[in-house]
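Asks: Quick check, what structure comes out for this input:
(2 chains)
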Amino acid sequence: MSNNSVVNITNLLKQFPVGGDYFTALSDINLNLENAEFMGLVGPSGSGKTTLLNIIGGLDSPTKGNVNVLGMELGSSSHNERANLRKTKMGFIFQSYNLLPVYTVFENVELPLILNKVETQERNRLVTQAVDWVGLSDKIDSRPAQLSGGECQRTAIARAIVHKPTLILADEPTANLDAENSHHIMNIMVRLNKELDTSFIFATHDEKIMAYLRRIIHLEDGQIVKDEHFDNPKSGKN
Amino acid sequence: MLKFVLKGILRDRSRSLFPIIVVSLIVALVIFNRGFLVGTMNGMFRDTAVISSGHVKIMTHAYQEESQLLPNDLALMNVDEIVEILHVVYPDYFWSPKISFAGLLDLPDEHGETKSQGPVMVYGIDFLSSESRQFELWELEKRIVSGQMIQNPNDALVGAKLAEKLGLSLGDRVTYIGTTMNNAFATFNFTVVGTFNLGMGPLDKQMMLVDIEGARVALDMEDAASEILGFKHDLYYDDDASVMMRNQFNATHLDTTDIFRSSMIALRDANQMGTMIDLVDWSVFIILGIFLLIAMIVLWNMGIMSGLRRYGEMGIRLAMGETKGQVYRSLILESVIIGTIGTIIGTLIGLPLTYYVQEVGIDYSAAFENLNTTTMIMSTVFYTQVTPDLYYIGIIPGVLATVFGTMLAGRAIYKREMAQLFKELET
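Replies: Here you go, the predicted model:
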């Protein structure tokens, strides 16, 4: 495990109890993610990509093996320590955006900063900056119901990056978007990755996303079957 | 964070407006229901006390034995002296002699012949002595339908229905026909100065009120009275205190050979009121308990539904790094805010409503129109009663039940794996 390592997983096993037996969702997973990587977990439904993403995010715990994320050994850490890690160093982007419907774009983006107890003035500055980053300055006072799908996902991205996390986990972020919006969203994330050195892990089976990834981990039946690296993905051409 | 939560509550009507309306209505209903039950029952005790029993009353042992027959030949003598002693021995009470008697009431025409006639139940009450509180007790100011208060010993107030039945007018001289306390034939003329409506169904059809001095002259009962009624100065019936006083009094009047010995009974001893008081205590307890339980289940469920509906929100907040404890506490804080606002609004609705019905009452007289018995003294106007506990009773369903419901729903946050919450978040 190098000093530059963001995620380091060794011999991971994840099983779920089903009836009186166990279902193995992930087995023999070994993975290392360096800083500023732009990586995707790719595979068919049920291949274990979301489970792996949840374990990296500290939302689920491994049955066996070591999972070290941003210097914290998740297997031996407490719930509160993992929550603190998510709060300060991670961002999440979901397929269905999961914005809080009663709050405006500004307030949705502001929430991670409130949780991190950032001062009001600094909060205003960072939210404005993040919203500007995703090109939603003119919608800053709108509520999710007044936004298109693409705008909702851009709001979710702003919320994920506003506190400048080291790692962003994105689960099928373009699944509900059309092609144009998907490319727009991916371009934003590529830009974030380059300019802020933020690491990204995607769980996806969307071809459009794969074209932007610099590394693709192929999962099948809970195991890594291929680990591909690309020097010139589509994003590089843009 | 509190500001953030408050913004959410205010903007999301399903989290604020609907729950607040439900909490407010239930709290208002609980308050009114309690005020109604207590008011109705206390009103019945009070009416019984005023008309029949006092909080305690003293009579001769012989009169007590035959009291249904109104046997004034067995009445108390030397009443003034007894009352003076009672004032000294029981300073927390005021004492008022009363003569109850029945007979015929005759309205003569201009020739002195009977124009109309009917049975009458007469109460000779101490209205005119300087320390009397009987006008206040009988609430005659608001119960007089026409005419004026009694001002002379020969004045009479007649029940409006009785006056209507006999065709009486203000200023008419009516003749009471009955017997003296010595069982001699008695006739006595009273002047009708007013009519009243006590709102007590059958009693209003037969009742006449006169001053006790007039009654004494009519029945030849100088310094005598059927009973001496005792009332606590604050007019609230205290069952335990009355029973203790009755026991103490009767313990000092044990000469069983003297049938004219004084005997005291408490309100609970009159007209099976004891059973009634116990029944009422339990009824109020059970009815209010059931109502509170139902209200709590409704609000509890509302808290659960509100919590379940927001598993998705909990999931996203956990993903952003809030701990389960923080999310749980914020949900509880939210339910405390909702419950408190609802309780305050509900109390602000329920209390004035209860106060209004306390002052105005709900008139059920039509339902009692055909009731003819006079043994049960029951008001046909139901009044609520604002008691101190109404100011805070709403907290039980309003705040506690809402918070318990939310706490129960929130337990799922702890029981579920976070990844499970996320699955629910995505669905």
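Asks: From now on I want contacts and neighbour counts done on CA atoms only, so please keep to that.
Replies: Will do.
Asks: Can you give the strand pairings for the helix or strand containing residue B:177, parallel or anti for each?
Replies: In this assignment (DSSP states H and E), residue B:177 forms part of strand B:173-179. In the sheet, strand B:173-179 lines up against strand B:93-108 (antiparallel), strand B:185-196 (antiparallel) (DSSP bridges).
Asks: Kindly export the first one (C-alpha atoms) in CSV.
Replies: Taking C-alpha atoms only, strand B:93-108 is exported to CSV below (Å, rounded to 0.1, in the frame of the first residue of the first chain):
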residue,chain,number,x,y,z
TYR,B,93,-68.1,26.0,56.1
PHE,B,94,-71.1,28.3,56.0
TRP,B,95,-74.4,27.0,57.3
SER,B,96,-77.9,27.7,56.0
PRO,B,97,-81.2,26.4,57.4
LYS,B,98,-83.8,25.1,55.0
ILE,B,99,-87.4,24.0,55.1
SER,B,100,-88.7,21.6,52.5
PHE,B,101,-92.5,21.2,52.2
ALA,B,102,-95.1,20.2,49.7
GLY,B,103,-98.8,20.9,49.2
LEU,B,104,-101.2,22.6,46.8
LEU,B,105,-100.7,26.0,45.2
ASP,B,106,-104.0,27.8,44.6
LEU,B,107,-104.5,30.8,42.4
PRO,B,108,-107.8,32.6,43.2
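Asks: got a list of contacts for the following helix or strand past it?
Replies: On the C-terminal side of strand B:93-108, the nearest following helix or strand under DSSP H and E is strand B:114-125. Contact with strand B:114-125 is made by B:96-109, B:134, B:166-167, B:206-216, as judged by C-alpha atoms under 8 Å, 6 or more residues apart in numbering or on different chains.
Asks: Now list the buried members of the residues you listed.
Replies: B:96-108, B:134, B:166, B:206-216 (16 or more other C-alpha atoms under 10 Å in any protein chain shown).
Asks: The helix or strand harbouring residue A:122 and chain B, are they touching?
Replies: For residue A:122, the element it lies in under DSSP H and E is helix A:120-133. No - counting by C-alpha under 8 Å from any C-alpha of the partner chain, chain B has no neighbours in helix A:120-133; the shortest distance is 11.7 Å.
Asks: per-residue confidence averaged over that helix?
Replies: The average pLDDT for helix A:120-133 rounds to 93.
Asks: which parts of that helix are buried?
Replies: Using 16+ other C-alpha under 10 Å as the test for burial, helix A:120-133 gives A:123, A:126, A:127, A:128, A:130, A:131, A:133.
Asks: so which two of the residues you listed are the farthest from each other?
Replies: Taking C-alpha to C-alpha as the measure, the buried residues of helix A:120-133 span a maximum distance of 15.1 Å, between A:123 and A:133.
Asks: For the stretch 251-400 of chain B, give me the ranges with low pLDDT.
Replies: B:271-272, B:303, B:307, B:365-380 (pLDDT under 70).
Asks: what about the helices in it?
Replies: Under the criterion DSSP state H, counting those that start in this stretch, helices of the stretch 251-400 of chain B are mapped to B:273-308, B:311-319, B:324-360, B:395.
Asks: which residues sit in contact with the closest residue to residue B:239 other than its chain neighbours?
Replies: Once flanking residues are discounted, residue B:239 sits nearest to residue B:268: 7.3 Å by C-alpha to C-alpha, 6 or more residues apart in numbering or on different chains. Taking C-alpha under 8 Å, 6+ apart as the criterion, residue B:268 is in contact with B:239, B:274, B:275, B:276, B:277.
Asks: Export these as JSON lines, with columns for neighbour count and distance to residue A:51.
Replies: Formatted as JSON lines, the contacts of residue B:268 follow (neighbours: other C-alpha atoms under 10 Å in any protein chain shown; distance: C-alpha to C-alpha, whole Å):
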{"residue": "B:239", "neighbour count": "16", "distance to residue A:51": "70"}
{"residue": "B:274", "neighbour count": "15", "distance to residue A:51": "72"}
{"residue": "B:275", "neighbour count": "13", "distance to residue A:51": "70"}
{"residue": "B:276", "neighbour count": "15", "distance to residue A:51": "69"}
{"residue": "B:277", "neighbour count": "17", "distance to residue A:51": "67"}
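Asks: helix, strand or coil for residue B:64?
Replies: When classified by DSSP: H, G, I helix; E, B strand; the rest coil, residue B:64 comes out as helix.
Asks: Could you give the number of residues near it?
Replies: 23 (other C-alpha atoms under 10 Å in any protein chain shown).
Asks: Residue B:89: how many residues sit nearby?
Replies: Residues contacting residue B:89 under the criterion other C-alpha under 10 Å number 10.
Asks: Out of the contacts of residue B:268, which is nearest to chain A?
Replies: In terms of C-alpha to the nearest C-alpha, no member of these lies closer to chain A than residue B:277, at 54.2 Å.
Asks: what's the distance between that closest one and residue B:268?
Replies: In this view, residue B:277 and residue B:268 are 7 Å apart by C-alpha to C-alpha, to the nearest Å.
Asks: Also residue A:126?
Replies: Applying C-alpha to C-alpha to residue A:126 and residue B:268 gives a distance of 76 Å.
Asks: elements contacting the helix holding residue A:122?
Replies: In this structure, helix A:120-133 packs against helix A:105-115, helix A:149-161, with contacts taken as 3 or more C-alpha pairs under 8 Å, 6 or more residues apart in numbering or on different chains; DSSP states H and E.
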